[in-house]
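Colleague: Fold the following, please.
(one chain, ligands or ions: 1)
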Amino acid sequence: MIKSDSLLKNKQILLGITGGIAAYKSADLVRRLIEQQAQVQVVMTEMATKFITPLTLEALSGKSVYVVQDAMAHIELARWADMVLIAPATANFLANLTYGHAHDLLSTLCLATAAPICVAPAMNQQMWHAAITQENCQKLQQRGITIFGPAIGSQACGDVGAGRMLEVVDLIDSLQLFFHKTTQKVLITAGPTREHIDPVRFISNRSSGKMGYAIAEAASAAGYEVTLISGPVCLSSSTATISVNSAQDMYEAVMAQIKNTDIFISTAAVADYRPVKQAEQKLKKTAVTLQLNLEPTPDILASVSNLENPPFTVGFAAETNNLVEYAKKKLVAKKLDMIAANQVGIEGLGFDSEDNALSLFWQDGGLELARANKKILAKQLIDVIIERFNS
Ligand code: C5P
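Modeller: So this is what the prediction gives:
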């Protein structure tokens, strides 16, 4: 874990406290955040004030505590925050957040803020495992909300299991890691490339870009600064996107962006060959047979991994046969930190489809990510990449 305290320095953290027994830990959380030189503004729900008094939190944060909704407070607070942290977050509050309810100050400002929202759930283990709570958490994560914990252990009600709020030191570590990630850059390539034969004809492939776009969304939701370099696709992304056409364009865009990149994920199905010459005018149908001379395109991935200070480099291997063997060879030949291999040529999987399955390999290990929708798979892949990158 990162121990530097500088990442929370001057960060404006809006701490939302909801009504659970773990609210007593929020007092200590305010102290530790202030120790880390963060500015803390506390907002409580009515129910939370039954567990801990606003006066205690006012004394610790040095700021008036807000409980009641008024005309403008939710907008001002929502704009002030660099981050909204709800700790503890009850099952009821998670449900409100999932469905966009705005019936008190805290839930309203969660709707009004552009700041990232993090929640630290705290509830009885049965309530945590309830299908609806799990479903709500999944929806929140898909919407980019970060969930810290919960921890496993003995509970105030006498049960033992998952549902305890993370300990304050672990919450501080999670926050440090969150802000650390926002300073890190992830560069992703996606989609096919087009290698023009003449102004109207080109060589390309069936890549839809869906996997790369889903990975960009997942990396962005995990808090990273993401740049996507995309070949021609019919998709749009909320992450910063640079559109390119050919392998040469993609190579140049990657090289222009690679400085200070921490993680490079090469999802693009880059054409391996391009016509030696591109005709300036549309070719006429004159000959019975037409010969096309091709030359290799620059290998973008290998160019990145061969840089003097390469980022953490992840390649893809789309194969119709000998998947594992080819992927492992590529991992070594292209000097990669990780390779994600996927079978193509099977209906419903890989190129141009909603689902995929990935076999991940690194130098001394690997992991299978079973068939799933590309968005779910992208999140799982990003989790593994973050774990390997940090280890
Ligand atoms: O060698 P092969 O094309 O099978 O390698 C696939 C991996 O290399 C993918 O990650 C792809 O994005 C990358 N690649 C590249 N530039 C090329 C060809 C492939 O970056 N010219």
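
Colleague: got the contact list for the residue of the stretch 101-250 of the chain found nearest the ligand?
Modeller: Taking Cβ to the nearest ligand atom, the ligand has its nearest neighbour within the stretch 101-250 of the chain at residue 247, 5.3 Å off. Backbone N, C-alpha and C define where each C-beta goes, glycine included. For residue 247, the contacting residues are 193, 195, 270-271, 274, 297-298, 300, taking Cβ atoms under 8 Å, 6 or more residues apart in numbering as the criterion.

Colleague: Mark which of those are part of strands, please.
Modeller: The strands, defined by DSSP state E, take in 195, 274 from these.

Colleague: quick one: which of the contacts of residue 247 is most hemmed in?
Modeller: Ranked by neighbour count (other Cβ atoms under 10 Å), these have residue 193 at the top, with 28 neighbours.

Colleague: Tell me if I'm right that that one and residue 231 touch.
Modeller: Yes: because the distance of 4.8 Å satisfies Cβ atoms under 8 Å, residue 193 is recorded as touching residue 231.

Colleague: which bits of the chain sit near the ligand?
Modeller: Counting by Cβ under 6 Å from any ligand atom, the residues of the chain lying close to the ligand are 189, 247, 266, 268, 270, 272, 297, 299-301, 315-317, 330.

Colleague: Among the residues you listed, which ones are in helices?
Modeller: The helices, defined by DSSP state H, take in 247, 300-301, 330 from those.

Colleague: Adding pLDDT and distance to residue 177, write those residues out as CSV.
Modeller: CSV is the format used below for those (pLDDT from 0 to 100; distance: Cβ to Cβ, whole Å):
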residue, pLDDT, distance to residue 177
247, 98, 36
300, 98, 30
301, 98, 28
330, 96, 31
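
Colleague: and which of these is nearest to residue 93?
Modeller: residue 301 (44.2 Å; Cβ to Cβ).

Colleague: Let me know how buried the closest residue to the closest one other than its chain neighbours is, in neighbour terms.
Modeller: If you skip the residues right next to it in sequence, residue 301 has residue 266 as its closest partner in space, 4.3 Å away by Cβ to Cβ, 6 or more residues apart in numbering. Applying the criterion other Cβ under 10 Å, we find 28 residues in the vicinity of residue 266.

Colleague: Just to check, residue 266 is in contact with residue 304?
Modeller: Yes: with contact defined as Cβ under 8 Å, residue 266 counts as touching residue 304 (7.4 Å).

Colleague: Name the residues contacting each of those two.
Modeller: With contacts taken as Cβ under 8 Å, 6+ apart, the residues that reach both residue 266 and residue 304 are residue 313.

Colleague: quick one on the thing from earlier: include distance to residue 134 when you put the contacts of residue 247 into JSON lines, please.
Modeller: Below are the contacts of residue 247 laid out as JSON lines (distance: Cβ to Cβ, whole Å):
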{"residue": "193", "distance to residue 134": "41"}
{"residue": "195", "distance to residue 134": "46"}
{"residue": "270", "distance to residue 134": "39"}
{"residue": "271", "distance to residue 134": "43"}
{"residue": "274", "distance to residue 134": "49"}
{"residue": "297", "distance to residue 134": "45"}
{"residue": "298", "distance to residue 134": "46"}
{"residue": "300", "distance to residue 134": "40"}
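
Colleague: out of the contacts of residue 247, who's nearest residue 30?
Modeller: When those are compared for distance to residue 30 (Cβ to Cβ), residue 300 wins out at 47.8 Å.

Colleague: Please name the residues that touch the closest one.
Modeller: When the contact criterion is Cβ under 8 Å, 6+ apart, the partners of residue 300 are 189, 247, 250-251, 254, 266, 268, 270.

Colleague: Let's see that with 10 Å instead.
Modeller: Residues in contact with residue 300, defined by Cβ atoms under 10 Å, 6 or more residues apart in numbering, are 189, 193, 229, 247-248, 250-255, 258, 264, 266, 268, 270, 315.

Colleague: for residue 267, same thing?
Modeller: Residues in contact with residue 267 (Cβ under 10 Å, 6+ apart) are 188-191, 207, 209-216, 228-230, 314-316, 318, 340, 378, 381.

Colleague: Need the phi and psi values for the closest residue in space to it that isn't next to it in sequence.
Modeller: In this structure, residue 267 finds its nearest non-sequential neighbour in residue 212, 3.5 Å apart by Cβ to Cβ, 6+ apart. Recorded main-chain torsions at residue 212 are phi -60, psi -40, according to degrees, to the nearest 10.

Colleague: gap between residue 212 and residue 190?
Modeller: Using Cβ to Cβ, to the nearest Å, one gets 2 Å for the distance from residue 212 to residue 190.
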